[in-house]
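**Student:** Okay, here's the prediction I keep looking at, along with the sequence it came from:
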Amino acid sequence: DKFCGMPPAQRSPRLKLIPVIVNGPKAFQQTVANRPAIIGNKLKATWYESENHMEVIVDVGTSMIATQVWKMMLPQSKHLAMDIAWVIEGLNETELPEVVLGCCHLSKPDLNKYRTIIPQTQSRSASGMLF
């Protein structure tokens, strides 16, 4: 409830991505290295919310490093198995243990088939991937 009541500027720096490469090319495994990342610190996050719903679009194009990782991942994606969890980062003992917002398993996705989405409230230079 506390997270949902925060303004987007406070929510974004607490949104953590935890990737786990289950299987995939060595170069990609070494690059990602199963490290958690606070994605709102380096990537632009646009939040949409209503009374019973909240979503975030994270623009990988707003970080040179994220763009390079994404470009490296695209041709390798058909050989990749990956678990992903999105977590609210706990900043003090009352917020621990951290809460998983959602998780998924991707198995050999062909990321070239996903389409780029452009939120209507942003400029045409923004991009995100729709899964």
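**Tutor:** It's in.

**Student:** Could you pull up the residues touching N34?
**Tutor:** By CB atoms under 8 Å, 6 or more residues apart in numbering, N34 lies in contact with 18-21. Where you see a C-beta, it was placed from the backbone N, CA and C, and this is true even at glycine.

**Student:** Determine which residue lies closest to the centroid of the protein.
**Tutor:** L17 (5.6 Å; CA atoms, centre = their mean).

**Student:** And that residue, how far from E49?
**Tutor:** Going from L17 to E49 by CB to CB, to the nearest Å gives 20 Å.

**Student:** quick revisit: pretty sure the residue nearest to the centre of the chain contacts I84?
**Tutor:** Yes - counting by CB atoms under 8 Å, L17 does reach I84; the two are 6.7 Å apart.

**Student:** can you list residues touching both of the two?
**Tutor:** Common neighbours of L17 and I84 (CB under 8 Å, 6+ apart) do not exist.

**Student:** Now do the buried residues in the host helix or strand of M82.
**Tutor:** With secondary structure defined by DSSP states H and E, M82 is part of strand 81-88. Buried positions in strand 81-88, judged by neighbour count with 16 or more other CB atoms under 10 Å: 82, 85-88.

**Student:** That'll do, ta.
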